[in-house]
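Undergrad: Give me the fold of what follows.
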Amino acid sequence: MIFRIPAALVALTLLVACSGPTIPVADDATPEPTPAPNATDDPIEPAPAFDHDAPIPTRPAPVAEEVITLSAELEAEISKWVKAGTEPGPDARPVLLRSVRHQRIYRNLLDHPRLYAKVRERLPRKLRSFSDKTVLAGNRLRSLVSPLDEPPDWKIYKPAPARRLLRFYRAGQRRFNIPWEILASLNFVESRFGRILGPSSAGAMGPMQFMPATWDAYGNGGDINDPRDSIIAAARYLSASGAPARMWDSLFAYNRSDDYVKAIIVYARQMMRDPRVFYIYYHWQVYVLTKGGDLQMSGPGADV
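TA: From the prediction side, this is the model:
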């Protein structure tokens, strides 16, 4: 592959709920009569909807507090969603909305390094480590792009379900000994898991952003836009380029930038430490860095 800026790089330009036991009622028990409602009782209001689009706080303490709270909520919602089967639908929406909010906060921290320096001091150690690495990877990728004058004329696609993508990554791992987290990280950075299929400005296409000539050599006759074919081809390409023994070299061959390789490895290691991170990144959306600021191109609250 020649050096090219993946579509999602342009777009980037970038955790327990419990219930009490149910007390059984004997079969022959006489149920207590239901009391009539008291007109003076306050009605029970439903919990407010999660506001993913609220203004981001500007002071360190509120930002740190929200990062801590949001991370715990994401952990709980992801656990419930995984238990429900990780399929698209109502169970995914709480994860989606919180992940979008999570992404917005971290994009804002990328833009305000002094604010982040004060925020990180207020975070617990484990969360500070995650935040440091997320900001590090974002800065590495942002160094590869320049703000656009106009948003690109992209068609946004729905990504394949998370469960299906995980099967494809693990198939690539079994066949070519490439860690599934590396393949997921490439899919995330290259196209936001298939939300952008291209072609890019350099002509790269598909969820793993292959140049046509490279696809001809490593696609094995598959469909460049098919997530399984594209992910397996990426594993095949990395293996032919020296992975896993020379992972850095193989990723550099994929895209000839040390900053790109560092970001891929950082994101992959985040998922290796906690596989739930994959589900957060899976719900991060397509943003474009323009000279007028961030432009959200997919997901709830998209500007276009």
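Undergrad: so where do the strands sit in the chain?
TA: Secondary structure of the chain by DSSP state E: the strands cover 287-290, 293-296.
Undergrad: List the strands paired with the last one, with their directions.
TA: Okay, so that is strand 293-296. Sheet pairing for strand 293-296, assigned by DSSP bridges, gives strand 287-290 (antiparallel).
Undergrad: pull the CA atoms of the strand it pairs with into CSV?
TA: This file holds the C-alpha atoms of strand 287-290, laid out as CSV (Å, rounded to 0.1, in the frame of the first residue of the first chain):
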residue,chain,number,x,y,z
TYR,A,287,-16.7,13.5,12.4
VAL,A,288,-15.0,15.8,9.9
LEU,A,289,-12.6,18.5,11.1
THR,A,290,-13.3,21.5,9.0
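Undergrad: and the strands of the chain, which is most packed in?
TA: strand 287-290 (a mean of 21; mean count of other C-beta atoms under 10 Å). Any C-beta I mention is one placed from the backbone N, CA and C, and that applies to glycine too.
Undergrad: Name the nearest residue to residue 207, ignoring sequence neighbours.
TA: residue 194 (3.8 Å; C-beta to C-beta, 6 or more residues apart in numbering).
Undergrad: distance of that neighbour from residue 161?
TA: Going from residue 194 to residue 161 by C-beta to C-beta, to the nearest Å gives 11 Å.
Undergrad: Between these two, point out the one with more neighbours.
TA: residue 194 (22 against 16; other C-beta atoms under 10 Å).
Undergrad: gap between that one and residue 250?
TA: Taken as C-beta to C-beta, the span from residue 194 to residue 250 is 22 Å.
Undergrad: Contacts only, for residue 130.
TA: Residues in contact with residue 130 (C-beta atoms under 8 Å, 6 or more residues apart in numbering) are 71, 270, 277.
Undergrad: Which ones among the residues you listed map onto helices?
TA: 71, 270, 277 (DSSP state H).
Undergrad: quick one: which of those residues has the most company?
TA: Counting by other C-beta under 10 Å, top hit in the ones in helices among the contacts of residue 130: residue 277 with 23 neighbours.
Undergrad: How about the contacts made by that one?
TA: Neighbours of residue 277 in contact, by C-beta under 8 Å, 6+ apart: 130, 270, 271.
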